[in-house]
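Q: got a predicted model here, sequence first, then my questions.
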Amino acid sequence: MGDGLLAAALLVFGLVATPLATAHQPGTVRLDALGYALIVAASAVLALRHRWPVGVLALSTAAITAYLFRGYAYGPVLLVFSVAIYTVAARLALRLSAAAAGAALVALSTHVFVPHPHNPGVGGLLPATAWVVVPFALGVTVRLNRADAARARLDAARRIADDERLRIAQEVHDVVGHGLAAIHMQAEIALHLLHRRPEQAQAALTAISRTSKQGLDELRATLTAVRHGDDRAPAPGLAQLPALRDRLAHAGLPVTLSVAGGGPVPAAVDLAGYRIVQEALTNVLRHAGATGAAVRVEHTAGAVEVEVTDSGIGGTPAPGGTGIAGMRERATALGGALTAGPRPGGGFRVHAVLPVPPGAAP
């Protein structure tokens, strides 16, 4: 549609303005039926310039070269030639577009060597070259800018996809890791008590069943939200810490929970705080050999402070682990900070500060 309108506009302009140009160039051949036909042919093919840019350039060049050979006045028809050159440069690779533009320039320039009373001679090569070089340079610039913009969009899309993959991996790691750690502890208890105290082993197996169901439900909700690309499943938050504490108590790890202050916090802070506590307690189950853990959450005017301590063996975290790195990434992504390491008196401590911007809505 746009190409057709452009072709029609240039055609009307050429038919109206060319007689005026003839009047200001004495001695040139007055427009006749052939001249008008060449203007129509050169302009009309522009309607197909995006479909067949090289073919349109070839047809326009042939018509305009015949027009100039005939001795008609220089005029608006050369605008048609410039548009065809620009289209080739803007849409095709540099080597192909340069070859097409060069061939068109050679064809257009041949008229200066044809004997004619008002032939510009060799001096006409300079303006002929300008009608090619200027639109060609503009077209190449537009094509390169378009390519740069496309690469920038592709890079942005890749970064978004990479960030989303990392987010999903972290969510699945937290959900599955926590559940498997609790199940592993209960399975160890069940195996230990199976023959000596079957009733307690049965309680441990019941806890395994309950923990596995909860983990599967949370994993299913997370994957459903990812699959649909929305937040249909409510994300866990700090309000679910009592339920997390109870699950760990059933898994054999007593946890004390202390919450100071309160109030709504942004969803990202709420989720990050919960996941940091969940991962820290999962590490206690896996590695600490602790008899208990303590969770402290403190709401202040500008931040949420989360601390998890345990009574385990402490020690330096093993290199290459993803748990502490994932917790730190959650904190730093929000502009906060996280520290983790052994406590002087024994055990381990994870401490995170998650900023809450002033007036941030949940």
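A: Ah, there it is. Numbers count the residues shown, from 1 in each chain.

Q: buried sites along the helix or strand hosting residue 295?
A: Assigning secondary structure by DSSP states H and E places residue 295 in strand 293-299. Burial within strand 293-299, assessed by neighbour count using 16 or more other CB atoms under 10 Å, is assigned to 293, 294, 295, 296, 297, 299. No exception for glycine: its C-beta is placed from N, CA and C like everyone else's.

Q: equivalent analysis for stretch 244-260, please.
A: For stretch 244-260, by 16+ other CB under 10 Å, it's 244, 245, 247, 248, 250, 251, 253, 255.

Q: want to throw these into JSON lines with distance to residue 100 and secondary structure?
A: JSON lines is the format used below for the buried residues of stretch 244-260 (distance: CB to CB, whole Å; DSSP: H, G, I helix; E, B strand; the rest coil):
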{"residue": "244", "distance to residue 100": "68", "secondary structure": "helix"}
{"residue": "245", "distance to residue 100": "74", "secondary structure": "helix"}
{"residue": "247", "distance to residue 100": "71", "secondary structure": "helix"}
{"residue": "248", "distance to residue 100": "72", "secondary structure": "helix"}
{"residue": "250", "distance to residue 100": "76", "secondary structure": "helix"}
{"residue": "251", "distance to residue 100": "73", "secondary structure": "coil"}
{"residue": "253", "distance to residue 100": "75", "secondary structure": "coil"}
{"residue": "255", "distance to residue 100": "74", "secondary structure": "strand"}
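
Q: before we move on, back to that, nearest to residue 259, out of the buried residues of strand 293-299: which one, please.
A: Of all the buried residues of strand 293-299, residue 259 sits closest to residue 297, with 4.7 Å by CB to CB.

Q: hey, C-alpha coordinates of stretch 59-71 in CSV?
A: In CSV, the C-alpha atoms belonging to stretch 59-71 read as follows (Å, rounded to 0.1, in the frame of the first residue of the first chain):
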residue,chain,number,x,y,z
LEU,A,59,13.5,-1.2,-15.1
SER,A,60,13.6,2.3,-13.7
THR,A,61,17.2,2.7,-14.9
ALA,A,62,16.3,1.5,-18.4
ALA,A,63,13.4,3.9,-18.7
ILE,A,64,15.3,6.9,-17.3
THR,A,65,18.3,6.2,-19.5
ALA,A,66,16.1,6.1,-22.5
TYR,A,67,14.5,9.4,-21.3
LEU,A,68,17.9,11.0,-21.1
PHE,A,69,19.1,9.6,-24.4
ARG,A,70,16.1,11.2,-26.0
GLY,A,71,17.2,14.6,-24.8
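
Q: buried residues, it. List them.
A: 59, 60, 61, 62, 63, 64, 65, 66, 67, 68, 70, 71.

Q: please work out which residues outside it touch it.
A: With CB atoms under 8 Å, 6 or more residues apart in numbering as the test, stretch 59-71 has contacts from 28-29, 34-35, 38-39, 41-42, 45-46, 74, 77-78, 80-81, 84, 103-104, 107-108, 110-111, 114, 116-118.

Q: what helix or strand is residue 156 on?
A: Here residue 156 is assigned to helix 125-193, by DSSP H and E.

Q: and if you look at residue 12?
A: Element membership of residue 12, judged by DSSP H and E, is helix 2-23.

Q: tell me which residues of that helix are tucked away?
A: Result for helix 2-23 [16+ other CB under 10 Å]: buried residues 3, 6, 7, 10, 11, 13, 14, 15, 18, 21, 22.

Q: chain neighbours aside, what residue packs nearest to the fourth one?
A: Taking CB to CB, 6 or more residues apart in numbering as the measure, residue 10 lies nearest to residue 43, with 4.8 Å between them; neighbours along the chain are not counted.

Q: burial count for that neighbour?
A: Residue 43 is flanked by 27 other residues according to other CB atoms under 10 Å.

Q: quick one: it and residue 3 touch, right?
A: No: between residue 43 and residue 3 there is no contact under CB atoms under 8 Å: 11.5 Å.

Q: helices and strands of the chain: which one has the lowest mean pLDDT?
A: Least confident helix or strand, the chain: helix 198-228 with a mean of 64, by mean pLDDT, DSSP states H and E.

Q: make TSV out of the buried residues of stretch 244-260 and add distance to residue 130.
A: Shown next, in TSV, are the buried residues of stretch 244-260 (distance: CB to CB, whole Å):
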residue	distance to residue 130
244	75
245	80
247	79
248	80
250	84
251	81
253	82
255	81
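
Q: residues contacting the residue nearest to residue 261 when sequence neighbours are not counted?
A: Distances taken as CB to CB, 6+ apart place residue 299 nearest to residue 261, at 3.2 Å, with adjacent residues excluded. For residue 299, the contact set (CB under 8 Å, 6+ apart) comprises 259, 260, 261, 262, 263, 265.
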